[in-house]
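*Asks:* Prediction below, plus the sequence it came from.
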Amino acid sequence: TDNSLIVPEILEKIAKAESGGKQFDSQGNVIIGISGDIGKFQIAPQYWSKKARELGYDLYQENGNTMMALWIYNHFGTTPWNWSRSKWDY
């Protein structure tokens, strides 16, 4: 991830709950969830791929996944990740 990116603490907690805070598995493959969600922030492509492309973010790269998560958070708050709320480490 671009170290100049400032990621809110709540998004880091969400990433930990969603993917263990990792973009890639131990073999270097992008983590894809059961429902097809992509990467560190488990971004649902059926909802966000078009916007990610418009913004120039590659969800399969850690920086692009993070930038899209920030965009989602800035526009919709934590709601898109509500399913994992019970796992956020408050």
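*Replies:* Yep, that arrived. Here the structure is a predicted model, which is why all the values come from computation and not from measurement.

*Asks:* Please state the backbone phi and psi of Ile43?
*Replies:* Here is the backbone geometry of Ile43 (degrees, to the nearest 10): phi -80, psi 130.

*Asks:* Distance check, it against Trp81.
*Replies:* 10 Å (Cβ to Cβ, to the nearest Å). Placement of C-beta: from N, CA and C, glycine included.

*Asks:* for this structure, which spans come out with low pLDDT?
*Replies:* The chain contains residues with pLDDT under 70 at 1-4, 90.

*Asks:* who touches the longest helix anywhere in it?
*Replies:* Secondary structure assigned by DSSP state H gives helix 62-76 as the longest helix of the chain. Residues outside helix 62-76 that contact it (Cβ atoms under 8 Å, 6 or more residues apart in numbering): 1-2, 5, 7-8, 10-11, 14-15, 23-24, 38-41, 43, 48, 51-52, 55, 57-59, 80.

*Asks:* Which of the residues you listed fall in strands?
*Replies:* Nothing among these maps onto strands, per DSSP state E.

*Asks:* In contact with the closest residue to Gly21 other than its chain neighbours, which residues are there?
*Replies:* What sits nearest to Gly21 in space, not counting adjacent residues and going by Cβ to Cβ, 6 or more residues apart in numbering, is Ala15, at 4.8 Å. The contact partners of Ala15, by Cβ under 8 Å, 6+ apart, come to Gly21, Lys40, Phe41, Ala69.

*Asks:* Of those, select the buried ones using a PyMOL command.
*Replies:* In PyMOL, a selection of the buried entries from these looks like this (16 or more other Cβ atoms under 10 Å):
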select buried, resi 40+41+69
